[in-house]
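A.B. asks: predicted structure and sequence below. I'll ask about it afterward.
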Amino acid sequence: MKQENKKLNKNAKKILGLFLVALLGGISAFGINWAFGPKQKVFQSETTNTPVYQTANYPATSTVLPDFTVAAEKTVNAVVHVQTTYDSQQIEQPSIQQFFFGNPFGNQFGQRMPVKASGSGVIISSDGYIITNNHVVENANDIKIILNDNRKYTAKLIGRDPATDIALIKIDEKNLPTIPYGNSDNLKIGQWVLAVGNPFNLTSTVTAGIVSAKARNINLLRQKQNYAIESFIQTDAAVNPGNSGGALVNTNGELVGINTAIASQTGSYTGYSFAVPVSIVRKVVSDLKEYGTVQRALLGINIQNVDAKIADDLDLKKPEGVYVVNVNKGSAAEKAGIKEKDVIVKLNDIPIEKVSELQEQISRFSPGDKVVVWVNRDNKLKKFSVELKNSMGTTEVVNKDIIQVLGASFASISNETKNKLNIKNGVEVTDLQTGKLMKAGVRPGFIITHINRKSVSSPKDIQSILKDLHGGVYIQGVYPDGEIAYYAFGIE
C-alpha cells in the first residue's frame, strides 16, 4: 500500500513539473511576443501598402554608374602629344655643392644646352589644325607632334593669343581623327567630364571628374596680360604637367574646354584643374585661322566685381553685377553713353553677375558687332546699344604684326586734352600688354604724337605707319602731366 502511494506521489510530481514547465514556457513566449511585438507591428505598418516588387525602383537600391568608355574611345586618338624645343641655355660653372654632390649635366659646364618641354593638343579638323595652349608653344623654335598611333610631324604655328592662353598650330596631313565642338554653356555643376592628355609624358591618359564651378577667375593670365580673359571651367578631373592644351570633353565625347592650369602649391595635381571653355576657344581659333591674330572686341572700360561696399554705396539690393570704374576716352562704351559707377547687369539677354561672365560674353564678338548693355544707374535700369571696337579704337581688321609687336591699346584724345598739353594731334596708350612698348618703358596714359617723325592723329595712323615696317622705330610723345618722352625699339 505504501509503495503504491509512493508511485502516486512520484507521478503527481511529474505531472506537476510538466505543468510548471508548460506554464513557464507560455509565460516566456508571451513575454517575448510583448517585447518584440510592437517593433514588428511598426515594420509591417510601413510596408503594408507597398508591394515588395516596387522597392527595385528606389534610387537607393538601383545605382547607375556613368560609362566613360564611349567618350574615351571617341577622343583619345584626336589628342596629340606636343613636344617643343627652345633657345639653348648656357650651363653655368659648377658650384661648390655640385663638386661634392655631383651635377645633373655631367661634364657639360660652359656649353649651351637646348631646352625641351611638352604638352598636349586637340585635333579639330581632319586636315591638321590643332588647338593647344599659348604657354605650350610660346617662343618655341621647333614644335613636334606625336599622334596616338606614334606618327610624328613638325607643326607650324598659325597664331597664338596670350590673353586666353590659346594657340593654333597645324601639321601637313589628311583624314585625321577629330573632336567635335560641344557647348560649354550647357555644362552644369556636378556634370561628369573627362580630361584627355599626356601628363608626365604618359601619352593618351584619360581621367574623370565633375564640373566643380564655372566662370572662375584665378588671376593666372592677368599676371602677364592686362587684357586677360579668365572664365575657366573648374573640375576635379586629375590634370598634371603635360596635360596643358589637352581636351576636356563631356560624356558624349564633345570638346567643352581646353585644359590649361591646376591649383597646386607643389606643381602637381592636388584637387582642382581649370579649362578654357569652348565658347571662348571657338572664336579665338576662328580668328587665328583667318587673320593670324584675334580680332578682339572691347567695350573700353575698366571694371571690377560689385562687392558689399560698392553695393552699400550705391544702395543696391545685393552685391552682384560689374562695376564700371572708369570709361576710356573715345571708347565704344563712352560713345554709347555708359558712365563711371554704372553697374552692368545684363549683356543682350544674358544676366551678368561678375567680371568673368562679362569677359566671356564679350569675347564671342568681333569689332563692329553691336551689343545691348543693360546697366543699373541710380537704381534705374538703362539700356545702351554699343558698337564694339578693337584695341586700335576702330572696327577694322587689326594687322597681326602690329598688335603682337606693340602689345597695347589706343584711343583718340579730346580737343580739351590737346589744348591742355599744347599739342595738335596724338593717340593715347590706354592699356599695355607684353610687347615692344612695355619693354621700351612706355607707361599707360602716354600720348603718342609722332612715329618716325610722322604725325599720329588716330589709332589707324599707327597701323598704317608701322605696316610692313622693319628696322628702327622712334616714338615721340607726352604724358598727361606734361612730361615729354621719347622711345626707340626695333622691329625685325
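C.D. replies: That came in fine, so what should we check first? Numbers count the residues shown, from 1 in each chain.

A.B. asks: use CA for all of it now, contacts and neighbours both
C.D. replies: Noted.

A.B. asks: assign Gln359 to helix, strand or coil.
C.D. replies: Three-state call for Gln359 (DSSP: H, G, I helix; E, B strand; the rest coil): helix.

A.B. asks: that one - how many residues pack around it?
C.D. replies: 20 (other CA atoms under 10 Å).

A.B. asks: also Thr85?
C.D. replies: Neighbourhood size, Thr85 [other CA under 10 Å]: 17.

A.B. asks: and the contacts of the one helix or strand it maps to?
C.D. replies: Assigned by DSSP states H and E, Thr85 belongs to strand 79-90. For strand 79-90, contacts defined as CA atoms under 8 Å, 6 or more residues apart in numbering pick out 109-123, 136-137, 139-148, 196-198, 203-204, 246-247.

A.B. asks: now a ChimeraX select for only the buried ones of those residues.
C.D. replies: Per 16 or more other CA atoms under 10 Å, the buried members of these correspond to this ChimeraX selection:
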select :117,118,119,120,121,122,123,136,137,140,142,143,144,145,146,147,196,197,198,203,204,246,247
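
A.B. asks: among the contacts of strand 79-90, which are located in strands?
C.D. replies: The members of the contacts of strand 79-90 that map onto strands under DSSP state E are 112-123, 142-146, 196-197, 247.

A.B. asks: before we move on, the earlier item: could you export the strand holding Thr85 as PDB, CA atoms only?
C.D. replies: The C-alpha trace of strand 79-90 is given here as PDB (Å, rounded to 0.1, in the frame of the first residue of the first chain):
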ATOM      1  CA  VAL A  79      44.500  64.300 -78.600                       C
ATOM      2  CA  VAL A  80      48.200  64.700 -79.600                       C
ATOM      3  CA  HIS A  81      51.500  64.900 -77.700                       C
ATOM      4  CA  VAL A  82      53.200  68.300 -78.300                       C
ATOM      5  CA  GLN A  83      57.000  68.500 -77.900                       C
ATOM      6  CA  THR A  84      58.700  71.800 -78.100                       C
ATOM      7  CA  THR A  85      62.300  73.000 -78.300                       C
ATOM      8  CA  TYR A  86      63.500  76.400 -77.200                       C
ATOM      9  CA  ASP A  87      66.600  78.500 -77.400                       C
ATOM     10  CA  SER A  88      69.600  76.800 -75.800                       C
ATOM     11  CA  GLN A  89      70.700  77.900 -72.400                       C
ATOM     12  CA  GLN A  90      74.300  78.100 -71.200                       C
END
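
A.B. asks: and the angle from that strand to strand 112-123?
C.D. replies: On the basis of axes from the mean of the first three to the mean of the last three CA atoms, to 10 degrees, strand 79-90 is oriented at 160 degrees to strand 112-123.

A.B. asks: neighbouring strands - and their directions - for strand 79-90?
C.D. replies: Sheet pairing of strand 79-90 (DSSP bridges) gives strand 112-123 (antiparallel), strand 142-146 (antiparallel).

A.B. asks: what distance separates the longest one from the centre of its chain?
C.D. replies: From the chain centre to the centre of strand 112-123 is a distance of 21 Å (CA atoms, centre = their mean, to the nearest Å).

A.B. asks: what sits up against it?
C.D. replies: In contact with strand 112-123 (CA under 8 Å, 6+ apart) are residues 78-91, 129-133, 136, 176-179, 197-199, 201, 241-247.

A.B. asks: quick one: end-to-end distance for stretch 122-135.
C.D. replies: 15 Å (CA to CA, to the nearest Å).

A.B. asks: what about Lys309, neighbour count?
C.D. replies: So Lys309, with other CA under 10 Å, has 11 neighbours.

A.B. asks: quick check: it is in a strand.
C.D. replies: No: Lys309 is assigned helix when assessed by three-state DSSP, not a strand.

A.B. asks: which intervals of the stretch 151-300 of the chain have sub-threshold pLDDT?
C.D. replies: Applying pLDDT under 70 to the stretch 151-300 of the chain flags the ranges 222-227.

A.B. asks: quick one: contacts for the nearest residue to Asn219 once chain neighbours are set aside?
C.D. replies: Spatially, and ignoring its direct neighbours in sequence, Asn219 is nearest to Glu230 (7.3 Å; CA to CA, 6 or more residues apart in numbering). Counting by CA under 8 Å, 6+ apart, Glu230 touches Thr164, Ala215, Arg216, Asn217, Ile218, Asn219, Leu220, Leu221, Val276, Ser356, Gln359, Glu360.

A.B. asks: closest to Lys382 among the residues you listed?
C.D. replies: Gln359 (20.1 Å; CA to CA).

A.B. asks: quick one: that closest one from Leu299, how far?
C.D. replies: Per CA to CA, Gln359 is found 10 Å from Leu299.

A.B. asks: same question for Glu73.
C.D. replies: Glu73 is 42 Å from Leu299, by CA to CA.

A.B. asks: the two: who's more crowded?
C.D. replies: Applying other CA under 10 Å to Glu73 and Leu299 shows that Leu299 carries more neighbours, namely 25 against 11.

A.B. asks: which residues touch Asp369?
C.D. replies: Contacts of Asp369 (CA under 8 Å, 6+ apart): Glu387, Leu388.

A.B. asks: quick check: domain ranges of the chain?
C.D. replies: Following automatic domain parsing, the chain resolves into domains at 78-170, 184-291, 301-387, 400-491.

A.B. asks: I'd like those as CSV, with distance to Phe68 appended.
C.D. replies: Shown next, in CSV, are the domains of the chain (distance: least, CA to CA, whole Å):
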stretch, distance to Phe68
domain 78-170, 16
domain 184-291, 6
domain 301-387, 29
domain 400-491, 41
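
A.B. asks: CA atoms only for stretch 370-384, dumped as PDB, please.
C.D. replies: Coordinates of each C-alpha in stretch 370-384 appear next as PDB, following Å, rounded to 0.1, in the frame of the first residue of the first chain:
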ATOM      1  CA  LYS A 370      26.600  95.600 -81.800                       C
ATOM      2  CA  VAL A 371      25.500  94.500 -78.400                       C
ATOM      3  CA  VAL A 372      22.900  95.700 -75.900                       C
ATOM      4  CA  VAL A 373      24.300  96.600 -72.500                       C
ATOM      5  CA  TRP A 374      21.900  96.900 -69.500                       C
ATOM      6  CA  VAL A 375      23.100  98.900 -66.600                       C
ATOM      7  CA  ASN A 376      21.900  99.900 -63.200                       C
ATOM      8  CA  ARG A 377      22.300 103.600 -62.800                       C
ATOM      9  CA  ASP A 378      20.800 105.200 -59.600                       C
ATOM     10  CA  ASN A 379      18.700 102.100 -59.200                       C
ATOM     11  CA  LYS A 380      17.100 102.500 -62.600                       C
ATOM     12  CA  LEU A 381      17.600 100.000 -65.400                       C
ATOM     13  CA  LYS A 382      19.000 101.700 -68.500                       C
ATOM     14  CA  LYS A 383      19.700 100.200 -72.000                       C
ATOM     15  CA  PHE A 384      22.600 101.100 -74.300                       C
END
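
A.B. asks: rewinding a little: what pLDDT, on average, does the strand holding Thr85 get?
C.D. replies: Strand 79-90 carries an average pLDDT of 84.

A.B. asks: what comes up buried for it?
C.D. replies: Val79, Val80, His81, Val82, Gln83, Thr84, Thr85, Tyr86.

A.B. asks: and for stretch 198-218?
C.D. replies: 198-199, 201, 203-217.

A.B. asks: what residues are up against Gly482?
C.D. replies: Leu421 are the contacts of Gly482 under CA under 8 Å, 6+ apart.

A.B. asks: let's number from 505 now, not from 1
C.D. replies: I'll keep to 505 as the first residue from here, and by that count the last item is Gly986.

A.B. asks: and the gap between it and Lys924?
C.D. replies: 9 Å.

A.B. asks: who's in contact with stretch 645-663?
C.D. replies: 580-591, 641, 671-676, 707-708, 792-793, 796-797.

A.B. asks: nearest residue to Leu862 other than its sequence neighbours?
C.D. replies: Closest to Leu862 by CA to CA, 6+ apart is Ile856, at 6.1 Å.
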